[in-house]
Each structure stands twice: as structure tokens, then as C-alpha cells.
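Student: Provided below are the primary sequence and the corresponding predicted coordinates.
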Amino acid sequence: MPRYEYRCRSCGDTFELSRPMAESSAPAACPAGHDDTVKLLSTVAVGGSSSAPAPASGSGGGGGGGCCGGGCCG
């Protein structure tokens, strides 16, 4: 079951809840009992990396390689 992170607007506490994806947007009360909470955006969903290796230049004939055949790297 996925874990979602929430922040309480009343006390500023940040907390996590395990709940089904269908209930991810449902209201969540903070551990102190406040109802004014907001779901935080997951860093996993936001994170990313563009560390693909640069294509080799002057390789003669051969095919590109890499994830896309070398056509979109540059």
C-alpha cells in the first residue's frame, strides 16, 4: 500500500499515511487532531536524472547505441 506525506496547516507537523491510491486525495487529520491538512508532492515523483552518457563522436560507420540509438542525445 502506498505511503503519502501530508502537512498540517494548523500546527505545521508533517506526517505519513498508508492508504489505497483511490483514497490519496481524501482528507487526512494530523496526529494532533487538526483537519486542515494538505497532501505533499512526493520527491520520488518529482525527481529525475539526465545522466545519459554523451554519444561517441567520429565512430565511423556503426549504429548509434544508447537508449535511443544516439539520435536524440547530443
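Tutor: Nice, I can see it.
Student: Thr14 and Glu5 touch, don't they?
Tutor: Yes - the pair Thr14 / Glu5 is scored as a contact, 6.4 Å apart, by CB atoms under 8 Å. In short, each C-beta sits where N, CA and C put it, glycine included.
Student: which residues are common contacts for these two?
Tutor: Leu40 (CB atoms under 8 Å, 6 or more residues apart in numbering).
Student: Please name the residues that touch Arg5.
Tutor: Actually, residue 5 is Glu. It isn't Arg. Applying CB under 8 Å, 6+ apart, the residues near Glu5 are Thr14, Phe15, Glu16, Lys39, Leu40, Ser42.
Student: what's the closest of the residues you listed to Ala22?
Tutor: Within the contacts of Glu5, distances to Ala22 taken as CB to CB reach their minimum at Lys39, with 13.7 Å.
Student: From Ala29, how far out is that closest one?
Tutor: Distance, Lys39 to Ala29, using CB to CB, to the nearest Å: 13 Å.
Student: surely Pro20 meets Met1?
Tutor: Yes - taking contacts as CB under 8 Å, Pro20 lies within contact range of Met1: 6.4 Å.
Student: Among the contacts of Glu5, which one lies nearest to Ser25?
Tutor: Among the contacts of Glu5, Lys39 lies closest to Ser25 (CB to CB), at 6.7 Å.
Student: quick one on the thing from earlier: among the contacts of Glu5, show me the least confident.
Tutor: The lowest pLDDT within the contacts of Glu5 belongs to Ser42, with 72.
Student: related to what we said a few turns ago, from the contacts of Glu5, which land in helices?
Tutor: Judged by DSSP state H, the contacts of Glu5 include no members of helices.
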